[in-house]
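Novice: Make a model of this:
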Amino acid sequence: MSRVLLLGLDCLAPQLVFDRWPDQLPALRSLMTQGGYGPLRSCVPPITVPAWSCMLSSKDPGQLGIYGFRNRKDHGYDGMAVATSRHVKHERVWDILARAGKHSIVIGVPGTYPPPRVERTLFVADFLTPDKQAEYTWPPELRSMVDSVAPEYRFDVEEFRTDDKRKILDQIFCMTTDRFSVARALAKQQPWDFLMLHEIGPDRIHHGFWAAMDPEHARYRAGNPYEHCILDYYRHLDAEIDLLLQDMPEDVHVLVASDHGAKVMKGGVCINEWLLREGYLTLKSQPEHGMPLSQAGVDWERTRAWGEGGYYARVFFNLAGREPLGALKPQAYDTFAEELRGKLLQLPDHLGRPMATCVYRPDEIYRELQGVAPDLTVLFDDLSWRSVGTVGSGQVYTFDNDTGPDDANHAMDGLIILRTTDGGTTKSLTGASLYDVAPTVLELLGIKPPADMIGRSLVDVTCC
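Specialist: Sure thing, here's the model as predicted:
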């Protein structure tokens, strides 16, 4: 019987692996040479949460009811809730495999804290684990094995948005080493048909150091001390992949996938400042300095829309009969949505140049609308600009990030590499999306994917 190894490398950038550095990454290059590879289209929004749950369930964010790292709890105004494993109601790959009698090992995959309790499945929880005092493994006794292999095991990098670059760089390298060490140990000591390791290191190093590497970044300076640190990290990651592959038996199919890519961040659009300027958002008084909207005293009875910051913008309408103090009449909803969309699409950059902005209404991109969906999702200038949610600066454009230093935004395309071992014909990976990963894993393991999965298998195999 075959087995599947899935390496989930968060934010791994296709232009670096496929175009810029393939000769520097022998393990990944070997997988590419022996199999198929290509870009992997992300979901909208292309964010770690919900992207990995979308990938592993083959369901879109609307079906999951998870529209970002944080989501509105209800139609009130009192904030957002972090999406954890408890918010994922659809089956993911390991649930289907467990029902078929197969064993899984799942390490660090977003959407697994608190660790689910799934038969025949071992979990080491994800980057949302607060610390090692929390319950972070299932079953609980697995914790002692993790601690024995990696006593300083990290779930994430502490304060990765900081100017203390040396501190976060050391953490990223050590975190990756420990994660792969745990994967090698568990792969040797525990039974498995499906092994998935997720590593968030690429995401953290991109956000922290993209300006040091990329001459197209406004803050790039040739010869800076961190100019080669992303390449050094990619080499380190590739060496860890090589060590893990050396331990794999011959019957293992290998998938490498990233949930989204990375690109230069040019700046931020202060979405709530723009809504204030356009008369859609009203405050009771003008803040004296920048602050979160929740602290700014919104006049809800005179506000028709407000926004949230992040790598993309979410715009919510203050709809009468839905929100407690709704100011937008329901019969005006469609006209209002198109009015805002038109203005956002025509919003230029800080120099008056056109931006390639995309604005989506939820029913245009999602098959269902569970939870509280944004009324508009905005990707500014093809994600070259992020959204900033604070108010008080009086400026629509900013080059300072309100959540700390950040060099990169997410890109819509991650990557996929697929090497099969049984001579199966790899289909063209052109046009692959993250929704294709779950049905591919299932077919490689001889299980017919459920009919309600969005994606398609990327291999020609005969299912049992």
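Novice: what about the chain, any weak spots by pLDDT?
Specialist: For the chain, the stretches with pLDDT under 70 are 1, 401-404, 422-428, 460-464.
Novice: how distant is the helix or strand hosting residue 29 from the center of its chain?
Specialist: For residue 29, the host element (DSSP states H and E) is helix 26-34. Relative to the chain's own centre, helix 26-34 is displaced by 24 Å; criterion: CA atoms, centre = their mean, to the nearest Å.
Novice: packing partners for it?
Specialist: helix 229-246, strand 252-257, strand 413-419 (3 or more CB pairs under 8 Å, 6 or more residues apart in numbering; DSSP states H and E). Where you see a C-beta, it was placed from the backbone N, CA and C, and this is true even at glycine.
Novice: I'd like the next helix or strand past it.
Specialist: Scanning forward in sequence from helix 26-34 by DSSP H and E, the next helix or strand is strand 36-41.
Novice: Identify the residues contacting that next one?
Specialist: 14, 18, 31, 257-258, 261, 412-419, 426-434, 436-437, 458 (CB atoms under 8 Å, 6 or more residues apart in numbering).
Novice: redo that, cut-off 6 Å
Specialist: Residues from elsewhere that reach strand 36-41, judged by CB atoms under 6 Å, 6 or more residues apart in numbering: 14, 257, 413-418, 426, 429-430, 432-434.
Novice: before we move on, back to that, is it possible to export the helices and strands packed on helix 26-34 to JSON lines including distance to residue 276 and mean neighbour count?
Specialist: As requested, those are exported to JSON lines (distance: least, CB to CB, whole Å; neighbours: other CB atoms under 10 Å):
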{"stretch": "helix 229-246", "distance to residue 276": "37", "mean neighbour count": "18"}
{"stretch": "strand 252-257", "distance to residue 276": "40", "mean neighbour count": "23"}
{"stretch": "strand 413-419", "distance to residue 276": "34", "mean neighbour count": "25"}
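Novice: check which helix or strand covers the nearest residue to residue 61 once chain neighbours are set aside.
Specialist: Closest residue in space to residue 61, ignoring its immediate chain neighbours: residue 50 at 4.7 Å, by CB to CB, 6 or more residues apart in numbering. Per DSSP H and E, residue 50 falls inside helix 48-57.
Novice: tell me which residues in that helix are buried?
Specialist: For helix 48-57, the neighbour count (16 or more other CB atoms under 10 Å) marks 48-57 as buried.
Novice: From the contact counts, what lies against that helix?
Specialist: Contacts defined by 3 or more CB pairs under 6 Å, 6 or more residues apart in numbering; DSSP states H and E place helix 48-57 against helix 61-64.
Novice: got the domain boundaries for this structure?
Specialist: Here the domain parsing of the chain from automatic domain parsing is 3-264+410-460, 267-405.
Novice: Can you name the residues in contact with stretch 336-343?
Specialist: When contacts are defined by CB under 6 Å, 6+ apart, stretch 336-343 is touched by residues 328, 359, 361.
Novice: From residue 112, how far off is the last one?
Specialist: Between residue 361 and residue 112 the computed distance is 31 Å (CB to CB, to the nearest Å).
Novice: In terms of neighbours, single out the busier of the two.
Specialist: In this view residue 361 and residue 112 are compared by other CB atoms under 10 Å, and residue 112 has more residues nearby, 31 against 16.
Novice: is it true that the more buried one touches residue 121?
Specialist: No - using CB atoms under 6 Å as the test, residue 112 is too far from residue 121 to be in contact (9.9 Å).
Novice: what sits in contact with each of those two?
Specialist: Common neighbours of residue 112 and residue 121 (CB under 6 Å, 6+ apart) do not exist.
Novice: circling back to that earlier point, with the buried residues of helix 48-57 in mind, which one is nearest to residue 445?
Specialist: Residue 445 has its nearest neighbour among the buried residues of helix 48-57 in residue 56, at 13.7 Å by CB to CB.
Novice: State the distance spanning the first to the last residue of stretch 110-130.
Specialist: End-to-end span of stretch 110-130 (CA to CA, to the nearest Å): 13 Å.
Novice: how about it: buried residues?
Specialist: For stretch 110-130, burial by neighbour count (16+ other CB under 10 Å) applies to 110-116, 118, 120-129.
Novice: before we move on, what about stretch 431-442?
Specialist: For stretch 431-442, the buried set under the neighbour-count rule, 16+ other CB under 10 Å, comprises 432-442.
Novice: what's the answer for stretch 296-309, then?
Specialist: By neighbour count on 16+ other CB under 10 Å, the buried set for stretch 296-309 is 296, 298, 300, 303-309.
Novice: next one: stretch 209-218
Specialist: Quick answer for stretch 209-218 (16+ other CB under 10 Å): 209-214, 217.
Novice: Stretch 324-339 too?
Specialist: By 16+ other CB under 10 Å, the buried positions in stretch 324-339 come out as 326-328, 336-337.
Novice: hang on, isn't residue 201 packed against residue 176?
Specialist: Yes - counting by CB under 6 Å, residue 201 touches residue 176, with 4.4 Å between them.
Novice: okay, these two: which has more neighbours?
Specialist: Ranked by neighbour count (other CB under 10 Å), residue 201 and residue 176 place residue 201 first, with 28 against 23.
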